[in-house]
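Enquirer: whatever this is, show me its structure:
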Amino acid sequence: MAEKRTISLYPASEKALRELGQRLKDARLRRRFSMDTVCARADISRPTLYKIEKGEPSVVFAAYIQVLRVLGLLDDLALIAKEDVLGRRLQDESMTRPKRAPKRSLHASVGKGGDNG
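Expert: Numbering: from 1, shown residues only. Model prediction:
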């Protein structure tokens, strides 16, 4: 039999997961969906939905996706890490930058005046 693995989270991560669970529960209640309705439509068990709404880290991500779909919130998933500000900053800093602008060629500016004739 497989050994059950415990997932350890930092306190801020635990808090974020609990808050997500509460938001999903609030969304379910605003839609006036019972737990049984969401479970049937998401093809998950009632204990799994209970764990999701409590923010327990042992629930597989696919179950969250199913609940988001049932609640009509699946498009919100696309917002996660959409604007990776830190990643873009790190990428920009790692790019090599010239120490000064390239010199302009004298030949490029000669003969480009308005009168050619």
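
Enquirer: so where's this protein uncertain?
Expert: 1-4, 96-99, 102, 105-117 (pLDDT under 70).

Enquirer: residue 46 versus the residue minimising distance to the centre of the chain, what's the distance?
Expert: For the chain, the residue nearest the mean C-alpha position is residue 80 (1.4 Å; CA atoms, centre = their mean). Distance, residue 80 to residue 46, by CB to CB, to the nearest Å: 26 Å. Bear in mind the C-beta positions are built from the backbone N, C-alpha and C, glycine included.

Enquirer: please apply the same query to residue 15.
Expert: From residue 15 over to residue 46 (counting by CB to CB), the distance is 25 Å.

Enquirer: run through the residues that contact residue 52.
Expert: 21, 24, 59, 63-64, 67 (CB atoms under 8 Å, 6 or more residues apart in numbering).

Enquirer: just the ones of the residues you listed in helices?
Expert: 21, 24, 63-64, 67 (DSSP state H).

Enquirer: just to revisit the earlier point, neighbour count added to the contacts of residue 52, as a markdown table?
Expert: Below are these laid out as a markdown table (neighbours: other CB atoms under 10 Å):
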| residue | neighbour count |
| --- | --- |
| 21 | 21 |
| 24 | 21 |
| 59 | 22 |
| 63 | 17 |
| 64 | 19 |
| 67 | 26 |
